[in-house]
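Visitor: okay, here's the prediction I keep looking at, along with the sequence it came from:
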Amino acid sequence: MPDLALPLLIALIVVALTFDFLNGFHDAANSVATVVSTRVLRPRYAVGWAAFFNFIAFLFFGLHVANTLGTGIVAAESVDARVVFGALMGAIVWNIITWFYGIPSSSSHALVGGLVGAGTAKSGFGVIVWGGLGKTLAAIVLSPLLGVVLAMTLVLAVSWLFRRATPFAVDRRFRVLQFVSASLISLGHGGNDAQKTMGIIAVLLFSQGLLGPTFHVPLWVVIACQAAMGLGTFTGGWRIVRTMGTRITRLTPVQGFCAESGGAVTLFLATWLGIPVSTTHIVTGAVIGVGAARRASAVRWRVANDIVVAWIVTLPAAAFMAALFYELVGLF
């Protein structure tokens, strides 16, 4: 092993899995807020449902996002244990702060910001892979907008298709269909978000010469990350559930189905393209879309505005904290 003792390597992997757990905990609202707010499932059953689909997501998706995080944000050869520690701690601290205040910020972009902050603290801006970072920055804007458009389109399509059905019949049918849409959004969440930690652990192992000459993600890393995220989701983060499920707009089962389905399609597309997007951004956009489809005043725009501000602040805030942790480690 080139420069890292085995206990320290294990400790860093544990820190990475802790971030993955907190990601699931912090982002539990993304998977269950709509299904809880429409009273289709009770919270304890909803998080169990979401955790199961979080875990099995690796069976359905490739590892394109993990490869992007491992080699497409900062140059893999510049990443070492100190950079990984700084990136993880910056993201973890920001996640805890936003969880405490009930702000649905992005765990994904906190990790990307952390990696950029720690990487540049070590080697300067030349270490950034601008193509991969550019895709991620573009997704900050485009992915929630796509969630808005898809969810709004689904609401309008469903309203037209069921225009002659009674409200009671529509409500009953979509309560059942929400089980499907909740499964899909949880699958998309597990598929995209868990891969980010896989990429971090894999690039750490690669930096220590443990993966050979070619970067790849070992199966045990895949299983460990999916399990950590599923466990975090099962534990749940109810402060953010309240914001996502009730404070942005009130949802019916039809709207919940449309929001989850629009969000799931966006997540699937981004995961297959290898773009590390924010489930929080996408689901928030979808919830806004279904509310706006009813009428613009149905959306509490002040809450939505606060969330957008958090999105903008997340990347630089996590980058600053990561750079700070990178420098602090250097003092010891």
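Guide: Right, received. Where do you want to start? Numbering: from 1, shown residues only.
Visitor: any low-confidence regions in the protein?
Guide: For the chain, residues meeting the criterion pLDDT under 70 lie at 1-4, 26-31, 33-34, 104, 236-250, 294-304, 306-307.
Visitor: pretty sure residue 48 sits against residue 234.
Guide: Yes - with contacts counted by C-beta atoms under 8 Å, residue 48 reaches residue 234, the gap being 6.1 Å. Where you see a C-beta, it was placed from the backbone N, CA and C, and this is true even at glycine.
Visitor: okay, the two: which has more neighbours?
Guide: residue 234 (20 against 16; other C-beta atoms under 10 Å).
Visitor: was I right about the more buried one contacting residue 49?
Guide: No - between residue 234 and residue 49 no contact is recorded; they are 9.7 Å apart, counting by C-beta under 8 Å.
Visitor: tell me the buried residues in stretch 119-138?
Guide: 119-123, 127-129, 132-133, 135-136 (16 or more other C-beta atoms under 10 Å).
Visitor: let me have those in JSON lines, extended by distance to residue 229 and secondary structure.
Guide: Formatted as JSON lines, these follow (distance: C-beta to C-beta, whole Å; DSSP: H, G, I helix; E, B strand; the rest coil):
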{"residue": "119", "distance to residue 229": "24", "secondary structure": "helix"}
{"residue": "120", "distance to residue 229": "27", "secondary structure": "helix"}
{"residue": "121", "distance to residue 229": "27", "secondary structure": "helix"}
{"residue": "122", "distance to residue 229": "28", "secondary structure": "helix"}
{"residue": "123", "distance to residue 229": "30", "secondary structure": "helix"}
{"residue": "127", "distance to residue 229": "28", "secondary structure": "helix"}
{"residue": "128", "distance to residue 229": "27", "secondary structure": "strand"}
{"residue": "129", "distance to residue 229": "25", "secondary structure": "coil"}
{"residue": "132", "distance to residue 229": "22", "secondary structure": "helix"}
{"residue": "133", "distance to residue 229": "23", "secondary structure": "helix"}
{"residue": "135", "distance to residue 229": "22", "secondary structure": "helix"}
{"residue": "136", "distance to residue 229": "19", "secondary structure": "helix"}
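Visitor: the residue of the chain most remote from its centre and residue 80, how far apart?
Guide: The centre of the chain is farthest from one residue, residue 164, which by C-alpha atoms, centre = their mean lies 38.2 Å away. To residue 80, residue 164 is 64 Å away according to C-beta to C-beta, to the nearest Å.
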